[in-house]
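K.L.:
This is a predicted model, with the sequence first.
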Amino acid sequence: MDIIEILKKVNAVMTDDHFVYTSGKHGEVYVNKDAIYPHPQEVSEVGKLFAEKYKDADIDVVAAPALGGIILSTWTAYHLTQLKGKEILGVYAEKMPDKSMAFTRGYDSLIRGKNILVIEDLTTTGGSVKKVVDLVRETGGNVAAVCVMVNRNPDGVNAESVGAPFDALGVLKAEAWNEDELPDRIKSRPINTKVGHGKKYLESKQ
């Protein structure tokens, strides 16, 4: 089962609707990453997909940005440990009040001098994963590779933009429009207020 099939299985991929994204733009495709985390079997399968892709790479630690990355880094490290026959650690970076990222809880000592696989759930701008890449290097670790569960912006998020070898388990390009540029087929649908920023958007219009 590939990553898109796993996400569809838990209704994490939504199409033919009207969403408002974090950026404020509108679109008709939404990946609700939070829908997969209550399902340990499917999260384990995602971790296994990451692990199988990097089973032959020299990896010591899997690192990811919180919050979703906490779960994914643990499951990926678990499956890499099984496949490689040596313990692979899973850690996460936390967002600080100034919006920078940091390895707290002593995790910085697990990064220093090690080969790191950086993973992330979704990328749209790639901003979070790039911060983790920079943080790993500032901490003294070597970024062996970067891989994301789903890349929604393959034109803008790639090896060049993150500054390291880059790959994705799947690509689901989600085109986005400014409100005044929306195609009629999307404009005619009510805005989804259950996921994304549709509810906030409508409240701001009142």
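P.N.:
Good, I have the coordinates. Numbers count the residues shown, from 1 in each chain.
K.L.:
quick one: the strands in the chain?
P.N.:
For the chain, strands defined by DSSP state E occupy the ranges 13-14, 19-20, 26-27, 30-31, 61-65, 89-95, 101-102, 115-123, 142-151, 166-171.
K.L.:
Distance check, the closest residue in space to residue 64 that isn't next to it in sequence against residue 51.
P.N.:
Once flanking residues are discounted, residue 64 sits nearest to residue 73: 4.1 Å by C-beta to C-beta, 6 or more residues apart in numbering. All C-beta spots, glycine's among them, are computed from the backbone N, C-alpha and C. Residue 73 sits at a distance of 11 Å from residue 51 (criterion: C-beta to C-beta, to the nearest Å).
K.L.:
and what of residue 183?
P.N.:
Residue 183 is 40 Å from residue 51, by C-beta to C-beta.
K.L.:
just to revisit the earlier point, thinking the residue nearest to residue 64 is in contact with residue 120, fair?
P.N.:
No. Counting by C-beta atoms under 8 Å, residue 73 does not reach residue 120; the two are 9.7 Å apart.
K.L.:
At the geometric centre of the protein, which residue sits there?
P.N.:
residue 121 (1.9 Å; C-alpha atoms, centre = their mean).
K.L.:
how near is it to residue 174?
P.N.:
To residue 174, residue 121 is 14 Å away according to C-beta to C-beta.
K.L.:
what's near enough to touch the closest residue to residue 103 other than its chain neighbours?
P.N.:
Excluding the flanking residues, the one nearest residue 103 by C-beta to C-beta, 6+ apart is residue 93, at 5.5 Å. Going by C-beta atoms under 8 Å, 6 or more residues apart in numbering, residue 93 touches 63-66, 69, 101-103, 107, 131-132, 135.
K.L.:
one step back: compare neighbour counts for residue 73 and residue 51 and give me the winner.
P.N.:
Using other C-beta atoms under 10 Å as the criterion, residue 73 and residue 51 rank with residue 73 on top: 28 against 23.
K.L.:
Quick one, grab the pLDDT at that one.
P.N.:
If you check residue 73, the pLDDT there is 96.
K.L.:
Next, the contact list for residue 201, please.
P.N.:
20, 24, 191.
K.L.:
at 10 Å instead, please
P.N.:
Contact analysis of residue 201 by C-beta atoms under 10 Å, 6 or more residues apart in numbering lists 19-21, 24, 26, 179, 191, 193.
K.L.:
Redo those residues as TSV? Include neighbour count, pLDDT and distance to residue 158.
P.N.:
Formatted as TSV, the contacts of residue 201 follow (neighbours: other C-beta atoms under 10 Å; pLDDT from 0 to 100; distance: C-beta to C-beta, whole Å):
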residue	neighbour count	pLDDT	distance to residue 158
19	26	94	24
20	23	93	26
21	18	85	20
24	13	85	24
26	25	94	25
179	11	90	28
191	18	96	31
193	15	95	33
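K.L.:
picking up where we left off before, I'd say the residue nearest to residue 64 and residue 66 touch.
P.N.:
Yes. Using C-beta atoms under 10 Å, residue 73 is in contact with residue 66, at 9.4 Å.
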